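> Can you look at this prediction? I've put the sequence above it.
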Amino acid sequence: MTLREIKNTKWFKFFSNIYVLVLTVFVVWMLFFDTNSWWFTHRELNKEIEKLKEQKTHLQQEIEKDKEALKKLNDKEELEKFAREKYYLKKEGEEIYIIEYKDSLKD
């Protein structure tokens, strides 16, 4: 095909139209090069969505742990055990000795 034949094809005429060229440049600019481009904004939002999904699963696991702890604390013996272990509470007339092992001490 010669250059003259290429210029006479309908596709060449369509794509050589100034409006089509300007629109194509504009679309490419908006999709890839602009600060609010679809390419970069979309990628950043996907990263944020993934981070939020991970946070959601973590928080759901924490909620399940807390629900189990609340179920345990409804029992009087478990509540007493929790108070003794976490807050070092004791019964009247009772003495508590805290034993720390050498490897559990912080330097």
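Great, that's in hand.

> CA only for contacts and neighbour counts going forward, please
Fine.

> Listing request: residues of this protein with sub-threshold pLDDT.
Applying pLDDT under 70 to the chain flags the ranges 104-107.

> looking at it, Leu31 is touching Ser37, isn't it?
Yes. At 5.0 Å, Leu31 counts as touching Ser37 under the criterion of C-alpha atoms under 8 Å.

> quick one, helices of the chain?
3-7, 10-15, 18-28, 38-73, 76-87 (DSSP state H).

> Now mean neighbour count and distance to Tyr101 too, for the ones you listed, in JSON lines please.
Below are the helices of the chain laid out as JSON lines (neighbours: other C-alpha atoms under 10 Å; distance: least, C-alpha to C-alpha, whole Å):
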{"stretch": "helix 3-7", "mean neighbour count": "10", "distance to Tyr101": "88"}
{"stretch": "helix 10-15", "mean neighbour count": "11", "distance to Tyr101": "80"}
{"stretch": "helix 18-28", "mean neighbour count": "12", "distance to Tyr101": "66"}
{"stretch": "helix 38-73", "mean neighbour count": "12", "distance to Tyr101": "27"}
{"stretch": "helix 76-87", "mean neighbour count": "12", "distance to Tyr101": "16"}
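
> who's in contact with stretch 38-56?
Contact with stretch 38-56 is made by Met30, Leu31, Phe32, as judged by C-alpha atoms under 8 Å, 6 or more residues apart in numbering.
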